[in-house]
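**Student:** Requesting a structural model of the entry that follows:
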Amino acid sequence: MLKKLLMAATGAAFITLGVGEVSYAASLNVIASGLDGPRGLTFGSDGALYVTEAGRGGRGACIPAPGTGSGLSMCYGATGAVTRIQNGKQERVVTGLPSLATFIPQIPVSFNAFGPQDIQFDATGKPYLVIGLGSSPEQRDNVLKIPDFGQLIAIDRLQTGSSRTMLADLAAYEGLYNPDDTGGSLYNPYQNGIDSNPYAFLIQGDNAYIVDAAGNDLFQAKTDGSELKLLSVFPERPVTDPATGQTIAMQSVPTSIATGPDGALYVGELTGYPNPDKAARIFRVGADNQPVVYADGFTQIVDLAFDPNGGLYVLQFASNLLNPQNGFPYGELIYVAPDGNRKTIANEGLIFPTALALGSDGNIYISNRGYFSGQGQIVKISVPEPNSTVSLLAFGVLIPTSLFLRKQKSSNSVKTCFE
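**Tutor:** Numbering: from 1, shown residues only. Reported below is the predicted structural model:
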């Protein structure tokens, strides 16, 4: 079951980013709003910023929402979209894409949507999308009967009415092989066995590299649809279930992928239930495709991006568990310098962020408020040169209390849009 997290913040919110050390003073500006579950952000060759909207679901066929015993359903609607942001204007250039979202009668918005999760372009400017699922291929094929879910797809042009070509069916692969079922002795009652949710990807040449957040794996697929190959499986870990005190298996839930300055792939994990603070890691995946921990101590990573200097931006969905005693779970943008030093760039005002992109203008762009329909934003963060004085981040935040939910401490669990 879900219950409201009765927290509100009004007026100006402040956070000290550093005292007596190199620190950043960042400002945050909203450049797009009213989005339905904004997810992946990518700049096109035209200089425009493109964002996928996972949508708001609809009143079509319904399947169980992720999470054993949640008792909730998510329902289909063709409400996913791609929005273009350019010259101060936002426009939905592709609409009618598949979307699943959960509804509760007492809440005026849908939430936890699965739909268009990420967008990338190849060298010719051709756009590609990954469409999430958050369920099994059996539910997709037998109940929803919408084959686009759980796939890498190509679209012929960025406009409504464009044709879609399915290239790689990651959900079907999960159903056939279930790669992360490695025979471990630990059981997690809050995880579904066969579960796929392609969440983020990148393109190098004619190859797409895709992380499946629910399948806990990394794939390589040809952009012409000719090949799909499993590269890596991200391991589970034993943790204590705070609800029962038992030792269970916590899944990795990889949600982000970036190419490092050394040419290797870097993958960030959200972590599965119980999402403990400071437990998320970043893996380096080299030529042998073996994931090796590159950095740890993060919380619920949702995106990564390297800058031209080899520094790494890490975006966290929430900086602590959704627990009132910990304060409001703002997201957090952290910069990891090439020497390993870490600095917080921004957190208050980042509310359930889901993706980031680095602009050629030196600014950082973030999909914000990505959990609820109609509430999504794209924000621009301007980061001046480092200074050694006390720096403050200040901006106004108005948070409607009805928009925030948390898990009850019970045997039931509701997974997020990543799992």
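**Student:** contacts, neighbours, all on C-alpha from now
**Tutor:** Noted.
**Student:** Could you measure from the nearest residue to Asp224 once chain neighbours are set aside over to Pro353?
**Tutor:** Nearest residue to Asp224, sequence neighbours excluded (C-alpha to C-alpha, 6 or more residues apart in numbering): Leu167, at 6.7 Å. Remark: distance between Leu167 and Pro353 (C-alpha to C-alpha, to the nearest Å) = 28 Å.
**Student:** Looking at the two, which one has more neighbours?
**Tutor:** It is Pro353, of Leu167 and Pro353, that has more neighbours when counted by other C-alpha atoms under 10 Å, with 31 against 21.
**Student:** The more buried one: which element?
**Tutor:** In this assignment (DSSP states H and E), Pro353 forms part of neither any helix nor any strand.
**Student:** doesn't Phe372 make contact with it?
**Tutor:** No - using C-alpha atoms under 8 Å, Pro353 is not in contact with Phe372; the gap is 11.0 Å.
**Student:** Three-state assignment for Gly175, please.
**Tutor:** Assigned by DSSP: H, G, I helix; E, B strand; the rest coil, the conformation of Gly175 is helix.
**Student:** cool, Ala249 as well?
**Tutor:** What three-state DSSP gives for Ala249 is strand.
**Student:** try Asp141
**Tutor:** Following three-state DSSP, we place Asp141 in the helix state.
**Student:** And the residue lying closest to it once chain neighbours are set aside, how close does it get to Lys278?
**Tutor:** By the measure of C-alpha to C-alpha, 6+ apart, the closest residue to Asp141 outside its immediate chain neighbours is Pro147, 6.7 Å from it. The gap separating Pro147 from Lys278 is 37 Å, by C-alpha to C-alpha.
**Student:** The two: which has the busier surroundings?
**Tutor:** Using other C-alpha under 10 Å, the more surrounded residue of Pro147 and Lys278 is Pro147, with 16 against 13.
**Student:** ok, now which ones touch the residue lying closest to Pro179 once chain neighbours are set aside?
**Tutor:** Take Pro179 and drop its neighbours on the chain: the residue closest to it by C-alpha to C-alpha, 6+ apart is Val233, 6.9 Å away. By C-alpha atoms under 8 Å, 6 or more residues apart in numbering, Val233 lies in contact with Pro179, Asp180, Asn216, Asp217, Leu218, Pro291.
**Student:** Then Arg284?
**Tutor:** Arg284 touches Ala264, Leu265, Tyr266, Val267, Pro291, Val292, Val293, Tyr294, counting by C-alpha under 8 Å, 6+ apart.
**Student:** Buried ones from the residues you listed, can you make that a PyMOL selection?
**Tutor:** A single PyMOL command is used to select the members of those judged buried by 16 or more other C-alpha atoms under 10 Å:
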select buried, resi 265+266+267+291
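**Student:** Which of the contacts of Arg284 fall within strands?
**Tutor:** Leu265, Tyr266, Val267, Pro291, Val292, Val293, Tyr294 (DSSP state E).
**Student:** what's the most distant pair in those?
**Tutor:** Leu265 and Val293 (11.9 Å; C-alpha to C-alpha).
**Student:** Identify the residues contacting Thr102.
**Tutor:** Gly57, Ala65, Leu72, Ser73, Met74, Cys75, Ser110, Phe111, Asn112, Ala113.
**Student:** how about the nearest residue to the second one, chain neighbours excluded?
**Tutor:** Closest residue to Ala65 apart from its sequence neighbours, by C-alpha to C-alpha, 6+ apart: Ser73 at 4.6 Å.
**Student:** what sits against that neighbour?
**Tutor:** Residues in contact with Ser73 (C-alpha under 8 Å, 6+ apart) are Cys62, Ile63, Pro64, Ala65, Thr102, Phe103.
**Student:** How much space separates Ile194 from Leu350?
**Tutor:** Taken as C-alpha to C-alpha, the span from Ile194 to Leu350 is 32 Å.
**Student:** the more surrounded of these two?
**Tutor:** Leu350 (26 against 22).
**Student:** How many residues are close by the spatially closest residue to that one that is not a sequence neighbour?
**Tutor:** Distances taken as C-alpha to C-alpha, 6+ apart place Gly331 nearest to Leu350, at 4.9 Å, with adjacent residues excluded. Number of residues near Gly331 (other C-alpha under 10 Å) recorded here: 27.
**Student:** No further questions, thank you.
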